[in-house]
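K.L.:
Coordinates for the following, if possible.
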Amino acid sequence: MKRLPLEGIRVADLTMMWAGPYATRILAEMGAEVIKVESPRAWDNLRTLIPLPGVEEPWNASYYFNDYNRDKKSLTLDLAHPLGRETFLQLVTHCDVVIENYRADVLDNLQLGYDVLREARPDIILVSMAGYGKTGPERDYVGFGPIIEQMSGLASLTGYGDDGVPIKTGISYGDPVAGTAAAAAVALALIRRRRTGRGAFIDLAQREVLSTLIGEAFVAASLRSETPVHRGNREPRAFAQGVYRCAGQDQWLAITLRTRDDWHRAAALLAVDPALPGDPTDHDVIDSRLTAALASRDPQEAFELLARADIPAGRVLDTVVIHDDPHLLARRFWVELPHPRMHPWKQPRTTWRLRQADPAPRRHAPLFGEHNDDILRGLLGLDDARIAQLRREGVIGDAPINPGVG
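P.N.:
Residues are numbered from 1 along each chain as shown. Model (predicted):
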């Protein structure tokens, strides 16, 4: 039987929101047993963000939460309670990895820093994903995706709106990027541990991860003292480039013409005049002719026509249309997972395709505290009296305490 690469690895997941849960979702998809730990008093806020309306347990019916936390198990533990801390350290003895994205001081304030975790398990791997890292003058600040994005330097490339205010990308772009980096860091630490027998403490600052993605701009600024130029859809290294409206509501096609030959072939395919004045207005002329030629064309047909001729092109797909994209459907990219509190909906499958295994989502995100008994009794060996004490003290629970929605 084919094995996923992380089968046999167990992860204690203390993460919340997007960046951390995205990292541990990748680990779970690759076969790791991921135990998501939440306090009944301080749960992952995504549980109650935009839940399915009209349900009795909104914390178990959030689209966001179910996307980022599928294939995991749920254990509730109040780590601020002495019994919760003690129980978590028992869990750590059975884990290979602990990952968290709290503010930099939180884990130490809980008396669960790396040195403490290493006493419980000497070869433990700890990944800390504080927004600004564990050191430096900004270490104690709270960092969310939109803030991290602005402080990474990315806004210098995305430019400004008509009101002169910097424009963000539209999503918390730093979150999934940092999550992917954290998953990679775990893989590297596991390889190192296999070779050396030693664990690791990884200080992964989300701000720094996102900054590495605009290295070209940093090079231009530091070596050539260049100020970023906002060119919109144009690229000076291409012969011509743009995004053009097609038939249908808000349907667009992006085209890059690398050379004059690309332009002549595209002009022939789209039945437009290839002649150009040969002066700085060439790009404007190309834009005008492509706009007229594509206005009545189906975007998928136009995309396939150009792509078959080796002309770089692609549709601008919104989040509705992409669910019916024929290429993604052919690759079985979208999956539907049964859920006891929600109707099925399309979710993206694992982005890594392995020859040795074909990973795919196996299970919906866990209900709150769904695996308390399995983990506390089955893995940790706690008896009925201790479990009853944990419940009586509010250390564990089957529902968040005083949950709000939104």
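K.L.:
lowest average confidence, helix or strand, in this protein?
P.N.:
The least trusted helix or strand in the chain, going by mean pLDDT, DSSP states H and E, turns out to be helix 215-223, with a mean of 75.
K.L.:
Now do whichever helix or strand comes after it: which elements does it pack against?
P.N.:
Remark: after helix 215-223, the chain's next helix or strand is strand 240-245, criterion DSSP states H and E. Under the contact criterion of 3 or more C-beta pairs under 8 Å, 6 or more residues apart in numbering; DSSP states H and E, strand 240-245 touches strand 252-257, helix 282-294. C-beta coordinates here come from the backbone N, C-alpha and C atoms, glycine included.
K.L.:
report the longest helix in the chain, please.
P.N.:
Counting by DSSP state H, the longest helix found in the chain is helix 174-196.
K.L.:
quick revisit: tell me which of the helices and strands packed on strand 240-245 is the most buried.
P.N.:
Burial of those is given as mean neighbour count (mean count of other C-beta atoms under 10 Å); strand 252-257 ranks first at a mean of 20.
K.L.:
can you tell which of the helices and strands packed on strand 240-245 is closest to Arg363?
P.N.:
Arg363 lies closest, by C-beta to C-beta, to one member of those: strand 252-257, at 36.7 Å.
K.L.:
what's next to the closest one, contact-wise?
P.N.:
233, 235, 238-246, 262-263, 266, 286, 290, 294, 299, 302-303, 306, 311-316 (C-beta atoms under 8 Å, 6 or more residues apart in numbering).
K.L.:
Now do the buried residues in stretch 299-313.
P.N.:
Pro299, Gln300, Ala302, Phe303, Leu305, Leu306, Ile311, Ala313 (16 or more other C-beta atoms under 10 Å).
K.L.:
chain center to it: distance?
P.N.:
29 Å (C-alpha atoms, centre = their mean, to the nearest Å).
K.L.:
coming back round to it: next structured bit after the longest helix of the chain?
P.N.:
Later in the chain than helix 174-196, the nearest helix or strand by DSSP H and E is strand 200-203.
K.L.:
who does that next one touch, helix- and strand-wise?
P.N.:
So strand 200-203, by 3+ C-beta pairs under 8 Å, 6+ apart, packs with strand 125-128, helix 174-196.
K.L.:
out of those, deepest packed?
P.N.:
strand 125-128 (a mean of 25).
K.L.:
So which elements touch that strand?
P.N.:
Applying 3+ C-beta pairs under 8 Å, 6+ apart, we find strand 125-128 packed against strand 97-100, helix 174-196, strand 200-203.
K.L.:
strand partners of it, parallel vs antiparallel please.
P.N.:
strand 97-100 (parallel), strand 200-203 (parallel) (DSSP bridges).
K.L.:
Residues contacting the last one, please?
P.N.:
Which is strand 200-203. 114, 125-128, 130, 133-135, 182, 185-186, 189, 192-193.
K.L.:
Can you list the buried residues in that strand?
P.N.:
Buried residues in strand 200-203 (16+ other C-beta under 10 Å): Ala200, Phe201, Ile202, Asp203.
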